[in-house]
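Participant: Pasting a predicted model and its sequence here:
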Amino acid sequence: MGAALIEAVRAGNPEALAALYREHGAALYRLAHRLTGTREEAEDVVHDVFVGLPEALAHYEERGKFTSWLKRVTARVALIRLRSRQRRREVSLDGADQQPRPPVDANVIALEGAVNSLPDSLRLVIVLKEVEGYSHGEVAELLGISVAASRVRAARALARLRKVLEDGR
Amino acid sequence: MSNATVDAIRLGLRSLAAPEPQPQLLARILESRAAGIRVALPLARRGYRKWIVGALAAAATVVLVMSNGGRARPPVRTGIDYQDLAAALSFWPQAAIAQQLGPPRLPRYDLVRHLDAARVVHAGAWTYDICATIDDELTKCRSRLTIELREAQRGQRPAWLMIQRVAMVRDWSLRPDTIHVPPDTTYFARETLRPIAWSIVGDRIRVERNFSFDSVHETLDITGPDPRSWRARGRLPGAADAPLVLRWARYDVVPLLQALPLAPGWRGSVYSVGLIGPVPRGSPFSPLDMRVVGRDRIDVPAGRFDCWKIELRMGDETVAMLWASKDRGWLIKAMQGTRERRTESTLVSATPPAP
């Protein structure tokens, strides 16, 4: 990521923001979708992240990878929305997720179903750790839990996934 | 669990597909920025580790720039429907626009009376940004309220005319647009700040209330595919010279704050008037109890102000905290809600400017 582009976004240049979106938008959307579970909320998350990015970049110190920083911010926004949704006890009516999709392996469909059946406390840890590749330390910081709790939840999630997949055979 | 099984699951997890965003998402983002929406992003977690506590104390405050200096704006809606109007009326909690069921509540403090509002209230215009914050972490600002107060005449009587205008950007649609809620207009008696007439008139909604010294007459007409109307009349509580607050007019306390003798320990109640119809058994009148709970020096986009902090209660519920400037009684900031979801209004500008 070029420092010039970041500086242009920070200055409020819409073309620069669009360029940044083209580079990172899809990956951030996928992360948000995995965390929130719905297209609608994932789009709202990415919308809020990019709308807030020019001002947020004032706090970006250019230490570490920009992509990692952006993903952490996106994950936090997604988690806030998720908590808010849980409090409202909303049920997704997101018809877009029912759209036809290319044929995939039956095992993949089974695994997706198993992941979605996990409680959020386990699903979030396993998605962040195994799908997004965060360390337990990073997962702990994002979710506000201890590193030990992150390890325990990941192990429980894997055990549950294994059981669900075996029971489904 | 065998290592091979775990490895297979991990491998499967990494290959899980996720959908792509809709192509319109980028346009929606750019249009939201152009329309003035600002979002303060959560950049660090709050309070979970000692070493980040200090950093988290610097919560971001965001300024909504609705006047965008000649940039192209998204489409402006003029066809306001009832839902849009209701969505914009966010200052008071639901209980405040509903009727109060059960026996009428009594004021907690002495009723405010004998205001010399004609002497101490001053005309002006105040503009506020309205921002919502979730979990103290994510703040979104997309509404702007302007209140104009000027001297007027109503039925040969000297009056204050207060007009409230709300512009709200709808960023949840694929093409963000700006809703201008129909202006909320109130005439108050110049001396007592007792309402004389109040109205909201939009394309498909017309609500009016007319006040005599002891009663209020209300009419509401909604046109369109689901037309509704009601006519109602109610007898006003309290003394005939006591100020009243209209519950559906969110910032009616703005002129009242200028006239109240705010000081440490001050407390007082005024009756608020909710909708009269159509629920026949509810009481539309409920006391609004106010108490000075402290003083604060606060910074808002309009500047730095020394303020009285005032608690607003309705029954057992604290409905809002207000900050009123010590020198003029201007409403500088209002906050309602819980830590989980909080709405804050802050003064952006004032005319005439702050002394």
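Facilitator: That came in fine, so what should we check first?
Participant: Could you give the bridge partners of residue B:219?
Facilitator: residue B:208, residue B:231 (DSSP bridges).
Participant: neighbours of it, just the number please.
Facilitator: 16 (other C-beta atoms under 10 Å in any protein chain shown). Where you see a C-beta, it was placed from the backbone N, CA and C, and this is true even at glycine.
Participant: before we move on, what about residue A:11?
Facilitator: Neighbour count for residue A:11, taken as other C-beta under 10 Å: 10.
Participant: what does the one 10 residues further on give?
Facilitator: A count of neighbours around residue A:21, defined by other C-beta under 10 Å, yields 22.
Participant: State the distance from it to chain B.
Facilitator: Using C-beta to the nearest C-beta, to the nearest Å, one gets 5 Å for the distance from residue A:21 to chain B.
Participant: Check the contact between that residue and residue B:28; I expect there is one.
Facilitator: No - counting by C-beta atoms under 8 Å, residue A:21 does not reach residue B:28; the two are 10.7 Å apart.
Participant: measure residue B:26 to residue B:164 for me?
Facilitator: Distance, residue B:26 to residue B:164, using C-beta to C-beta, to the nearest Å: 35 Å.
Participant: Mind checking which of these two has more residues around it?
Facilitator: Each of residue B:26 and residue B:164 has its neighbours counted (other C-beta under 10 Å); residue B:164 has more, 23 against 18.
Participant: so what's that one closest to, chain neighbours aside?
Facilitator: Leaving aside its chain neighbours, residue B:164 sits nearest to residue B:184 (4.2 Å; criterion: C-beta to C-beta, 6 or more residues apart in numbering or on different chains).
Participant: what about whatever helix or strand that neighbour lives in, distance to the chain center?
Facilitator: If you go by DSSP states H and E, residue B:184 is part of strand B:177-189. Here strand B:177-189 shows a centroid-to-chain-centroid distance of 12 Å under the convention C-alpha atoms, centre = their mean, to the nearest Å.
Participant: While we're on residue A:109, how confident is the model there?
Facilitator: Listed pLDDT for residue A:109 reads 73.
Participant: my read is residue B:114 is in a strand, agree?
Facilitator: No - looking at residue B:114 with DSSP: H, G, I helix; E, B strand; the rest coil, it is coil, so not inside a strand.
Participant: residue contacts, the closest residue to it other than its chain neighbours?
Facilitator: In this structure, residue B:114 finds its nearest non-sequential neighbour in residue B:241, 6.9 Å apart by C-beta to C-beta, 6+ apart. Residue B:241 is in contact with B:113, B:114, B:192, B:194, counting by C-beta atoms under 8 Å, 6 or more residues apart in numbering or on different chains.
Participant: Quick check: the last one touching residue B:242?
Facilitator: When you say that, I think you mean residue B:194. Yes - look at residue B:194 against residue B:242 with C-beta under 8 Å: they come within range, at 7.1 Å.
Participant: Double-check that residue B:161 belongs to a strand.
Facilitator: Yes - Residue B:161 forms part of a strand when assessed by three-state DSSP.
Participant: Which residue would be the closest one in the stretch 201-350 of chain B to chain A?
Facilitator: residue B:340 (6.3 Å; C-beta to the nearest C-beta).
Participant: Any idea how far the one helix or strand residue A:23 maps to is from the middle of the chain?
Facilitator: Element membership for residue A:23, per DSSP H and E: helix A:14-36. Mean-position distance between helix A:14-36 and its chain equals 11 Å (C-alpha atoms, centre = their mean).
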